[in-house]
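Visitor: Structure for the following, please:
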Amino acid sequence: MTDPTEPMAIIIALCAEGARRFGDDPRAIASFVEHEIALMSEAEQRHLKEQLTLLTDGGGSQKPIM
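Guide: Sure, this is the predicted structure:
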């Protein structure tokens, strides 16, 4: 089972829930994900952003997800 505190697992779970609720509407899914992240504490948001930045910036050529 995937660790629910793992940053990518959080994003994947939010995207999956957004897709379940809104079907194939990418704008609605993105809005849902952004809203759910906004409901997290500042510390949780900061940790998520830091971890995602580390994951996406490993080679220095990709921009952070958030």
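Visitor: could you point out where this protein is predicted with low confidence?
Guide: Scanning the chain for pLDDT under 70 picks out 1-4, 58-66.
Visitor: which residues in it form helices?
Guide: For the chain, applying DSSP state H gives helices covering 7-22, 26-38, 42-56.
Visitor: With mean neighbour count added, can I get these in JSON lines?
Guide: C-betas here are computed from N, CA, C, even on glycine. Shown next, in JSON lines, are the helices of the chain (neighbours: other CB atoms under 10 Å):
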{"stretch": "helix 7-22", "mean neighbour count": "15"}
{"stretch": "helix 26-38", "mean neighbour count": "14"}
{"stretch": "helix 42-56", "mean neighbour count": "14"}
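Visitor: Find the centremost residue of the protein, please.
Guide: Ile11 (3.1 Å; CA atoms, centre = their mean).
Visitor: Tell me if I'm right that it and Leu52 touch.
Guide: Yes: with contact defined as CB atoms under 8 Å, Ile11 reaches Leu52; the gap is 7.3 Å.
Visitor: ok, Arg21 touching Phe32?
Guide: Yes: if you go by CB under 8 Å, Arg21 and Phe32 touch, sitting 6.6 Å apart.
Visitor: which residues do these two both contact?
Guide: Shared contacts of Arg21 and Phe32, defined by CB atoms under 8 Å, 6 or more residues apart in numbering, are absent.
Visitor: Let me see the contact set for Asp38.
Guide: One correction, residue 38 is Ala, not Asp. By CB under 8 Å, 6+ apart, the contact set of Ala38 is Gln45.
Visitor: quick one: it from Phe22, how far?
Guide: Plainly put, Ala38 is 17 Å away from Phe22 if you go by CB to CB, to the nearest Å.
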